[in-house]
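**Student:** Build me a model:
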Amino acid sequence: MTSDEIAEYFERLREAGARLKKRPSGEVIEVLGTVLERWRDPDSVWRRDLEDRLPAATGFTAPMIREGLRRALADWTGDALRELAIRELGPIDPVGAVSNRSVSGFDTTAVLLAGSIPMPSLLALIAPLALRSPVLAKAASRDPLTPHLVAQSIAEADAELGRCIRVVDFAATDEGCTRALLEADCICATGSDATIATVQSLVRPPRRLVVDGHRLSIAAVVPPASAELRGELAERLAVDIALWDQLGCLSPVAIFAVDPEPAHAAALGEAIAVALAKAEANWPRGSIAANAAHEIAQQRAEAELRRAAGRAVEIHASDATTWTVIVEDGPEPRPAPLHRFIRVVPVPDPAHLLEAIQPLAAHLAAVAIEGFGEQTPGLARTLASLGTSRVCAPGSMQSPPLDWRHAGRGVLAPLARFGDIEAIA
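**Tutor:** The predicted model follows:
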C-alpha cells in the first residue's frame with residue numbers, strides 16, 4: 001500500500017459518493033439495516049465466516065467469540081438503526097423534499113480502527129454510510145479480518161453501496177499512508193491516547209475529527225448477604241470480565257465492593273473466582289503475549305508479598321494465568337494486567353467509592369452498579385456527571401445498545417453536517 005494508492009481510492013470513493021448522495025437516505029439506511037440483521041443472525045454466512053476465522057486473526061477462542069457476538073449483536077437490529085437515525089438526525093426525508101434543515105455526510109470519511117473486538121468495527125463502518133458518506137478504513141493490526149468482511153457483506157447487500165467503502169492495510173508507522181488517509185473530509189480515529197495525539201497533530205482544518213482515546217470500565221456493587229445471590233451476581237460479573245478476554249473498553253478492570261464490612265468483599269471475591277473458573281471451562285481464554293503473562297505473574301507475586309507482610313490481601317488464581325482475582329485491602333490504584341485479571345476493592349460507602357474512582361473519571365466508559373436500592377438513581381446521575389457514558393447492570397456490560405453514546409456523544413450526529421435553512425420560499 002502506498003500513499004498514491006490511497007489518494008486514488010479517495011478519487012474513486014468521491015465518484016461513488018456523488019452517486020450515493022442521489023439516493024434517498026431512508027433507502028440507504030434500510031440496506032444497512034439488512035446488513036446488521038445478517039450480522040446478528042448466527043446462521044448467516046458472514047457471521048459463520050467471522051466466527052470461523054477470527055480466532056486465527058485475533059487469538060480469541062471460538063467459544064468465547066460465539067458467546068461474545070451472541071450477546072453483543074442481539075439487539076443490533078435494522079429497526080434499532082432506523083430509530084437511531086431518526087433520534088440523532090431527525091425525520092428521514094426523501095431526496096428533493098423541501099425542509100428547513102439539511103443533514104448530510106462528508107464527501108469522504110476516513111476510519112482508523114483499533115483493537116481486536118469486532119463490534120466497534122462493524123458500527124464504525126456503517127455509521128458514515130448511513131449519512132451517505134463513502135468510507136476509506138484502515139484495519140486494526142489486532143483485527144485485520146472484520147472490516148474486510150463487513151465491507152464484503154455491504155457489497156453483497158447493495159453493489160452501489162459496496163463501491164462506497166474500501167478497507168486498506170498498512171503499518172501504523174507508515175507516515176506517508178497515514179497522512180494520505182488523513183486527507184479525508186471527516187476522520188474517525190480510535191486508539192491509545194498516544195495514537196490519538198499523533199492523529200490530532202496531523203489533521204489540518206477544516207476537516208472534522210472525531211476521536212476515541214483510552215477508555216476503561218468498572219463495577220460497583222453492594223455484596224449480597226445471601227450466598228446464593230452472591231454467587232448469581234458473581235456469575236454475571238464473570239461474564240463481563242471473561243468476554244473478549246477483558247480487552248475492550250467495556251470490560252471492568254476493578255470491582256468495588258461497597259460495604260463497611262471488608263469480609264463481604266472477600267466473600268464476593270471468592271465467589272467471582274468460582275465463576276471465572278466456570279467461565280474458563282465454557283469460554284476458554286485466548287492466547288496472550290509473553291509480556292502480558294509476565295505482567296500477570298508479577299502482579300500476583302506483588303500481592304503475595306503484601307499478604308506475607310501482614311496486609312489483608314487475598315489471592316484466587318488458576319494454575320496458569322487464565323484468571324486471577326485479587327481482593328485488596330484498600331482503594332489504592334494498582335495496575336490492571338487484563339486478560340481476566342480482576343481486583344475486588346473494598347470501600348465502606350458510596351462517598352468513598354466516588355472518591356476512589358475520581359482519578360479514573362476522565363477515562364470511564366461504563367460503570368455497572370447493583371445493590372444500592374433507593375440510592376441508585378442519584379448514584380447513577382453522579383457517575384454520569386463524572387463523565388461515565390454508560391451506567392448499566394452487571395452482566396450487561398458487553399451488550400451495549402446500538403445507540404450507546406460512547407465517549408458521551410452520539411453515533412451518527414458527530415459525523416454529520418447540519419444546516420438550518422431559513423430562506424425557503
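**Student:** can you give me the mean pLDDT across the helix or strand residue 232 falls within?
**Tutor:** Per DSSP states H and E: residue 232 is located in helix 227-242. Helix 227-242 shows a mean pLDDT of 98.
**Student:** Grab the nearest non-local neighbour of residue 143.
**Tutor:** Distances taken as CB to CB, 6 or more residues apart in numbering place residue 116 nearest to residue 143, at 4.5 Å, with adjacent residues excluded. To be clear about C-beta, it is placed using only N, CA and C from the backbone, and glycine gets the same treatment.
**Student:** pretty sure that neighbour is touching residue 139, no?
**Tutor:** No: Residue 116 is not in contact with residue 139 according to CB atoms under 8 Å; the separation is 11.1 Å.
**Student:** And the strands in the stretch 51-200 of the chain?
**Tutor:** For the stretch 51-200 of the chain, the strands defined by DSSP state E, counting those that start in this stretch cover 101-104, 109-112, 135-138, 165-168, 186-190.
**Student:** Which one of the ones you listed lies nearest to residue 324?
**Tutor:** When these are compared by CB to CB, strand 186-190 sits nearest residue 324, at 27.5 Å.
**Student:** Name the residues that touch that closest one?
**Tutor:** Residues from elsewhere that reach strand 186-190, judged by CB atoms under 8 Å, 6 or more residues apart in numbering: 105-106, 108-115, 120, 124, 127-128, 133, 181, 195-196, 199, 203, 207-213, 415.
**Student:** hang on, residue 371 packs against residue 222?
**Tutor:** Yes: taking CB under 8 Å as the definition, residue 371 is a contact partner of residue 222 at 3.0 Å.
**Student:** where does the stretch 1-150 of the chain have low pLDDT?
**Tutor:** For the stretch 1-150 of the chain, the stretches with pLDDT under 70 are 93-99.
**Student:** how about the helices in it?
**Tutor:** Along the stretch 1-150 of the chain, counting by DSSP state H, counting those that start in this stretch, helices occupy 3-20, 25-40, 45-58, 62-73, 78-89, 118-130, 146-157.
**Student:** I'd like these as TSV, with mean neighbour count and distance to residue 234 appended.
**Tutor:** Conversion of the helices of the stretch 1-150 of the chain to TSV gives the following (neighbours: other CB atoms under 10 Å; distance: least, CB to CB, whole Å):
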stretch	mean neighbour count	distance to residue 234
helix 3-20	16	49
helix 25-40	20	28
helix 45-58	16	27
helix 62-73	19	17
helix 78-89	18	30
helix 118-130	25	25
helix 146-157	20	31
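**Student:** Give me the nearest residue to residue 214, chain neighbours excluded.
**Tutor:** Excluding its sequence neighbours, the residue lying closest to residue 214 (CB to CB, 6+ apart) is residue 193, at 4.9 Å.
**Student:** cool, and residue 311?
**Tutor:** Leaving out its chain neighbours, the residue that sits closest to residue 311 by CB to CB, 6+ apart is residue 329, at 5.4 Å.
**Student:** May I have the phi/psi pair for the one you found?
**Tutor:** phi -110, psi 10 (degrees, to the nearest 10).
**Student:** coming back round to it: so for residue 371 and residue 222, which sits in the more crowded spot?
**Tutor:** residue 222 (20 against 17; other CB atoms under 10 Å).
**Student:** quick one: contacts for the more buried one?
**Tutor:** 257-259, 370-372.
**Student:** and with 10 Å instead?
**Tutor:** By CB atoms under 10 Å, 6 or more residues apart in numbering, the contact set of residue 222 is 233, 256-259, 264, 268, 349-350, 369-373, 375.
**Student:** Just give me the closest of those residues to residue 408.
**Tutor:** residue 369 (17.9 Å).
**Student:** what's around that closest one, how many residues?
**Tutor:** As a burial measure, residue 369 scores 24 neighbours (other CB under 10 Å).
**Student:** Identify the residue nearest it in space, chain neighbours excluded?
**Tutor:** residue 220 (5.1 Å).
**Student:** The one you found touches residue 350, doesn't it?
**Tutor:** Yes: between residue 220 and residue 350 there is a contact at 8.2 Å, judged by CB atoms under 10 Å.
**Student:** any residues in contact with both of those two?
**Tutor:** Common neighbours of residue 220 and residue 350 (CB under 10 Å, 6+ apart) are 256, 258, 369, 372, 379.
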